[in-house]
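J.: Model the structure of this input:
(chains A and B)
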Amino acid sequence: MDRRTLIKSGLAAAGTVAMPAYLRAQSNRKLSILTWNIADQEALFKEEFADFKAQNPGVEIEWLDKKGPELPAFYQTQLVAGTAPDIIDLQGMIWVEWAANGALLDLTPYMQKEPDVAKLYNQDYLASFVYDKKNYVIPFYIAKTLLFYNKTMFKEAGLADAPKSFDEIVNFSQAMAKGEKTGFLTLNFDWLYWPLMQMNGVELLKSDMKTPAFNTPKTIEVLEKLAKATASGGINKIAWTGRWVEPNGAFASGNVGMLQAHSASYFFVKGQAPWVNPDTLGAAQNPGNWSTPTNHGFAISKSSKNPDLAWALVKHMTGNKWATEFSVRRRILTGNLAADKVGLEKVKAEDPLAHAVLLTQLEHTDKMCGNWPLPNDAQVKDVFWAEIQNAVLGRKDAKTALADAERAVTRVMRRS
Amino acid sequence: MAMAMSAAPERRRTSFLRRATTRQAILVWCFLAPSLLIFLLYRILPLAWNILLSLQAWSPLKPAVFIGLENYEEMLTDEVFWQSLWNTVFIILSAPVGIAMALGLALLVNSNISGRNVYRTLIFLSYPLMTVAVAIIWRWMYDERVGLLNYVARLLHLTDTPIPFLNSFFWALPSVVVANIWQMLGFYMIILLTGLQNIPSSLFEAAEIDGATAGDRFWRITLPLLRPSIFLCFVIGMLNSVTSFDLVYVMTGGGPGRATEILVTYIYKLGFVQTRFDYAAAVTVVFFVFLITVAWAANRLSGGNAGARDME
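T.: Presented below is the predicted three-dimensional model:
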């Protein structure tokens, strides 16, 4: 064997040994991210990822988006299989269950290490992602409920301004109900109807967060009023049976006086309703300024092999630069203070009504309700909502429905 | 000599592996093995694991703890389970209605009417449609504002106010059942039509000569000889109905309240919404036993042997 052959063989052998190590290193720099129902932002995400990869050479990012009901089922199967994505976009309070069961990484140490990061975000929205004094989620985009009202219908019914109390909501609804027309609708998923309870002082649980507190004469009174208004056509039945498209679609038809919904509804309604303009559609806070948030935020799976890198990508996507791009392009609020300022300015010039709607999302953020950090939120929500439906749709009287709900919620709380 | 005599039959006896029957058996098992393996992996093992899971307290992030029959005990007092079971039974009981309608249609398109092939095609068209598409079509048909049914009902002055088909506790389940029957009607009709065409015409001719009326011929010849087809329709229709998760989920999501919750939607919600896989497994086991029992009862009612006894 001559020297040349020896060197060649040596290099080949070294290459063989070194290649898997290089590949291993590469796979150690791979991140997976799962977003929820926002596939329309593919172009933006690609730019964000390219920018991140430019700053972090050798990093690979795998992005996957799942539609509404698919994501929780998908994430659960991934958790069981041990292949959970590094970063996950979560909506509402679903994250609490996973955080409480140890699926999500506690981000508090990262935030303590980099105190400036927390300062980027709206503190009330950031606080809504805290469970057991630990922060598990960083705001991605934010929304909370407000009251839309059809000014034309208000005028026809001789009503001047948005209602200021629960009783006014009910009375205004009755005043506008006529033939095809109904007075009020609310979105109902993820506790979005809870402001109607909260404005009457109804509490779901006692301060121990275990014992039901809702079975009171006041709640019975509230449910009876809602049932009566529903039976008479003041409140549209879709408020208690529809999900997202149906109530928003019904309001867009122009035959419903009020809609209690989150800011995202505005863009859907506007897309369907040629009648929508600042003279015909009003956007106001709910009576008492109560609202229920439906925020999206990024969490990191505890099983992530690259938690530091995942944290860096979360910061990258929710930081000033890309959050601003997101806010401007999607006309959305991100919870990032600087980004939302820019986004709002842009919207103000293009669509003053959208600006008014988005502005409500940053007001009275201290009065958000229906977002209890319950590890068994899904179970409580499910059993409680079924009885509320029974009461407002007249299948059971309010007293019986609440007694049944109390029994069901107690059982859920005892089980956990 | 004795040794030589005993060695001769030994040589004549073919070894076990060389026997034709053995080789044939091995060949058969070789062909069957892939399918059986897949069946074992994807049906039997999950079923066994599901039974095991139903006896445990388990969630994706917690270690399993054996709890015996606690999940089954919980079922006894679970109102939603009983409501879902009742709704499932209601849907099963609607299968004979669909089959009766399909039988009428099959008799019609089996007679000498003009354009019967067009009718057969039209009636069958609903079956190959995706269930989700069927659900969306019917959801719009039932819509209070723009639905065809409400439009027709008001046009004919049958009602002054729109009927909230899918938003009412009274109407929701029957409305889902109607959509389900509509989808299955074409399938039932084709099966029954095949059965009708397999009945020898000589039987009808002989009966007619003997003075049997049309009614007699239907009750004494057509119906008994259609029994295997009816059994097949019932079993497939029942399985299709009670597992029609997509139809219920898209049309009503199980609501309003629990008005249209069936066992299969309840199992899904328990597992994937409430993360209660253990309890969902217990409900699944009961659901499985329930389906087996209904299929067995249907077989017995149709005379056993999948309704084919009378044909032998």
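J.: For the stretch 151-300 of chain A, which residues are neighbours of chain B?
T.: A:180, A:237, A:238, A:240, A:241, A:242, A:243, A:250, A:253, A:255 (CB under 8 Å from any CB of the partner chain). Heads up, the C-betas are built off the backbone N, CA and C, glycines and all.
J.: Name all residues that make contact with the fifth one.
T.: In this structure, residue A:241 makes contact with A:389, A:393, B:164, B:166, B:167, B:252, B:255, B:256, judged by CB atoms under 8 Å, 6 or more residues apart in numbering or on different chains.
J.: if I've got this straight, residue A:410 is in a helix?
T.: Yes: the assignment for residue A:410 is a helix, going by DSSP: H, G, I helix; E, B strand; the rest coil.
J.: Identify the residue nearest it in space, chain neighbours excluded?
T.: Counting by CB to CB, 6 or more residues apart in numbering or on different chains, residue A:212 is the residue found nearest to residue A:410 once chain neighbours are left out, at 6.0 Å.
J.: Equivalent analysis for residue A:71, please.
T.: residue A:36 (4.9 Å).
J.: what's the spacing between the one residue in the stretch 1-150 of chain B that gets nearest to chain A and residue A:103?
T.: Going by CB to the nearest CB, chain A is nearest to residue B:61 of the stretch 1-150 of chain B, at 3.9 Å. As judged by CB to CB, to the nearest Å, residue B:61 and residue A:103 stand 5 Å apart.
J.: Touching, the residue nearest to residue A:410 and residue A:219? I think so.
T.: No: counting by CB atoms under 8 Å, residue A:212 stays clear of residue A:219, with 10.3 Å between them.
J.: Of these two, give the one with the bigger neighbour count.
T.: When residue A:212 and residue A:219 are compared for neighbours, residue A:219 comes out ahead with 25 against 21, by other CB atoms under 10 Å in any protein chain shown.
J.: Which strands or helices does the host helix or strand of that one pack on?
T.: If you go by DSSP states H and E, residue A:219 is part of helix A:217-231. Secondary-structure packing of helix A:217-231 (3 or more CB pairs under 8 Å, 6 or more residues apart in numbering or on different chains; DSSP states H and E): helix A:166-176, helix A:194-198, helix A:377-392, helix A:398-415.
J.: re earlier: what residues does the residue nearest to residue A:71 make contact with?
T.: Per CB under 8 Å, 6+ apart, neighbours of residue A:36: A:65, A:66, A:68, A:71, A:89, A:90, A:91, A:296.
J.: and if we set it to 6 Å?
T.: A:71, A:89, A:91 (CB atoms under 6 Å, 6 or more residues apart in numbering or on different chains).
J.: Now the strand or helix carrying the second one: buried residues?
T.: Here residue A:89 sits within strand A:87-91, counting by DSSP H and E. By neighbour count, and taking 16 or more other CB atoms under 10 Å in any protein chain shown as the criterion, the buried residues in strand A:87-91 are A:87, A:88, A:89, A:90, A:91.
J.: check contacts around the second one.
T.: Contacts here follow CB under 6 Å, 6+ apart; on that basis residue A:88 touches A:34, A:299.
J.: bridging residues for it?
T.: residue A:34, residue A:299 (DSSP bridges).
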